[in-house]
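*Asks:* Starting from these lines, generate the structure:
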Amino acid sequence: MRKYQIMDNKTVFITGVSRGIGEAIAKAFSGEGYFVIGTSRASFDLSKSLDSDQCLHIPLDVKDRTGIQSSYDLLKSKDLLPTIIINNAGITKDQLLLRMDDGDWDDVIETNLTSIFNITKVFIKPMVKARTGRVINISSVAGLMGNAGQVNYSASKAGIGGFTRSLAKELASRNITVNCISPGFIASDMTKGFEGEAQTKVINQIPAQKLGDPKNIADLAIFLASKKASYITGQTISVDGGLYMS
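*Replies:* Residues are numbered from 1 along each chain as shown. Predicted coordinates:
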C-alpha cells in the first residue's frame, strides 16, 4: 500500500476537481501543504495538474451513494479521511421552465444539491467524532438573485444556502464550521458561452466590470479552512465583483 506524508491532519476532499473552480481550489490547497483528494466523473491526472504526488484522484459520480461509500472506505483504509470537505461539483442544463425536460430538472438538483447531502453525510462522521473540521459548499450568485432560464440551477444553489445554515447550527458545538461561497460570473467552462456582445452585456452588470478568476474563489476557500475563520459559520459569502449586494 502506498504511503503518503500527511502533515498536521491537513487533508482536503474536493469534488469536481478536474477543471475551473475545483481545479483552482485544489491547486491552492496543494500550495498550502495540504494533501488533496479530488474527485471527478472523468479520468483526470491530478498529480500532473498539481505538480505534486501528495494527492489522490478518485473517479466518482457524486449522485452515486454506493460509490461515495466505497470512496470513504478506500480513504479510511489508507488513513486519508479528510478534515475539510469542499462540495464543488455542479452542472448546468439551462432552459426556460416551460421548455425544461423533467430529466434536466432532476439531474441538476441531484448533482448540485442532493450530492452535497450524499457526500457530507458520509464524510462528516469522523469529523464529528474528532470535534474538528470544515465544510465549504460552492454555490452561485444565481441562488441568491435568480437567473431567467436557470430555474433548476438557481433552485439547486439556493438550496445549498439552506443546507449550509442548518448544518452549521447542528455542528457548531463540535468545532466544525459550515460555510458557503457564491461565485458570480467566473472565467471558467460555464462562462465560455459568453462571447462578444453577450459577454459585454454580462460584464456591464458587474460593478467591477470584469469576470472573476477561479483563484478568487480558491483564496476564500483557503481562508475559510484556516484557523483564522474559526468563528465564521453558517455564512454565504458572494465573490462576484459586486453583482449581488445584500
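*Asks:* Helix, strand or coil: sort out residue 17 for me.
*Replies:* Of the three states, residue 17 takes coil under DSSP: H, G, I helix; E, B strand; the rest coil.
*Asks:* Could you tell me how many residues sit around it?
*Replies:* Residue 17 has 30 neighbouring residues, counting by other C-beta atoms under 10 Å. To be clear about C-beta, it is placed using only N, CA and C from the backbone, and glycine gets the same treatment.
*Asks:* dump the residue contacts of it.
*Replies:* Neighbouring residues of residue 17 by C-beta atoms under 8 Å, 6 or more residues apart in numbering: 23, 25-26, 36, 38-40, 44, 46, 57, 88.
*Asks:* What is the longest strand of the protein by residue count?
*Replies:* strand 176-183 (DSSP state E).
*Asks:* Take the contacts of residue 17 and keep only those in strands.
*Replies:* 36, 38-40, 57.
*Asks:* Now neighbour count, pLDDT and distance to residue 212 too, for these, in JSON lines please.
*Replies:* Listed next are these as JSON lines, based on neighbours: other C-beta atoms under 10 Å; pLDDT from 0 to 100; distance: C-beta to C-beta, whole Å:
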{"residue": "36", "neighbour count": "30", "pLDDT": "98", "distance to residue 212": "22"}
{"residue": "38", "neighbour count": "28", "pLDDT": "98", "distance to residue 212": "21"}
{"residue": "39", "neighbour count": "26", "pLDDT": "98", "distance to residue 212": "24"}
{"residue": "40", "neighbour count": "22", "pLDDT": "96", "distance to residue 212": "22"}
{"residue": "57", "neighbour count": "21", "pLDDT": "98", "distance to residue 212": "26"}
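*Asks:* Confidence-wise, which helix or strand of this protein is lowest on average?
*Replies:* helix 197-204 (a mean of 82; mean pLDDT, DSSP states H and E).
*Asks:* And that helix, what's buried?
*Replies:* Going by neighbour count (16 or more other C-beta atoms under 10 Å), nothing in helix 197-204 comes out as buried.
*Asks:* Give me the residue at the spatial middle of the protein.
*Replies:* Centroid-nearest residue in the chain: residue 88, 1.9 Å away (criterion: C-alpha atoms, centre = their mean).
*Asks:* dump the residue contacts of that residue.
*Replies:* Residue 88 touches 14-17, 21-22, 25, 138, counting by C-beta under 8 Å, 6+ apart.
*Asks:* can you give me the helices in this structure?
*Replies:* 20-31, 46-50, 65-77, 102-109, 115-130, 142-145, 151-171, 197-204, 214-225 (DSSP state H).
*Asks:* Which elements pack onto the first one?
*Replies:* Under the contact definition 3 or more C-beta pairs under 8 Å, 6 or more residues apart in numbering; DSSP states H and E, helix 20-31 sits against strand 11-14, strand 35-40, helix 46-50, helix 214-225.
*Asks:* can you do 6 Å?
*Replies:* If contacts are counted by 3 or more C-beta pairs under 6 Å, 6 or more residues apart in numbering; DSSP states H and E, helix 20-31 sits against strand 11-14, strand 35-40, helix 214-225.
*Asks:* got those as CSV, with distance to residue 93 columns?
*Replies:* Shown next, in CSV, are these (distance: least, C-beta to C-beta, whole Å):
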stretch, distance to residue 93
strand 11-14, 23
strand 35-40, 18
helix 214-225, 22
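*Asks:* roughly how far out does stretch 67-74 sit from the chain middle?
*Replies:* 18 Å (C-alpha atoms, centre = their mean, to the nearest Å).
*Asks:* which residues touch it?
*Replies:* Residues from elsewhere that reach stretch 67-74 (C-beta atoms under 6 Å, 6 or more residues apart in numbering): 58, 60, 118, 122.
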